[in-house]
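Student: Please work out how this folds:
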Amino acid sequence: MQFELSTAHKDAAPITAAIHALDPQARVVLDASRGRLEVLASASSAQILDALQGIGCAATLLEKEVHISGGSTCCGHCG
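Tutor: Have a look, this model is predicted:
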């Protein structure tokens, strides 16, 4: 699942720590320059949004996934 961050977070460490508290095996990819976050986890989007809010990171769930470098949405056909 992917999220758009409405607050600037350049450091992935606190975000990753908050999500790993929910799911230690979660995969987290942050595109800080675009304010996008991709999370592959067993936690629900609501749980992740709550964890992000808990560290002062306001976010919304993206309805349509976008390509994030290194993320799972890459189909290999970018031109």
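Student: how about the strands in the protein?
Tutor: Along the chain, counting by DSSP state E, strands occupy 2-5, 27-31, 36-40, 59-61.
Student: Distance to residue 20 added to these, as a markdown table?
Tutor: Heads up, the C-betas are built off the backbone N, CA and C, glycines and all. As requested, those are arranged in a markdown table below (distance: least, Cβ to Cβ, whole Å):
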| stretch | distance to residue 20 |
| --- | --- |
| strand 2-5 | 16 |
| strand 27-31 | 8 |
| strand 36-40 | 10 |
| strand 59-61 | 16 |
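Student: Next, format these as TSV and append mean pLDDT, mean neighbour count and distance to residue 47.
Tutor: Converted to TSV, those look like this (pLDDT from 0 to 100; neighbours: other Cβ atoms under 10 Å; distance: least, Cβ to Cβ, whole Å):
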stretch	mean pLDDT	mean neighbour count	distance to residue 47
strand 2-5	94	19	12
strand 27-31	93	18	14
strand 36-40	94	21	10
strand 59-61	94	15	12
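Student: Figure out which of those is closest to residue 21.
Tutor: Nearest of the strands of the chain to residue 21, taken as Cβ to Cβ: strand 27-31 at 11.8 Å.
Student: on that earlier part again, quick one, which of the strands of the chain gets closest to residue 49.
Tutor: Of all the strands of the chain, strand 59-61 comes closest under Cβ to Cβ, at 6.0 Å.
Student: for the closest one, packing partners?
Tutor: Here strand 59-61 touches strand 2-5, helix 45-54, going by 3 or more Cβ pairs under 8 Å, 6 or more residues apart in numbering; DSSP states H and E.
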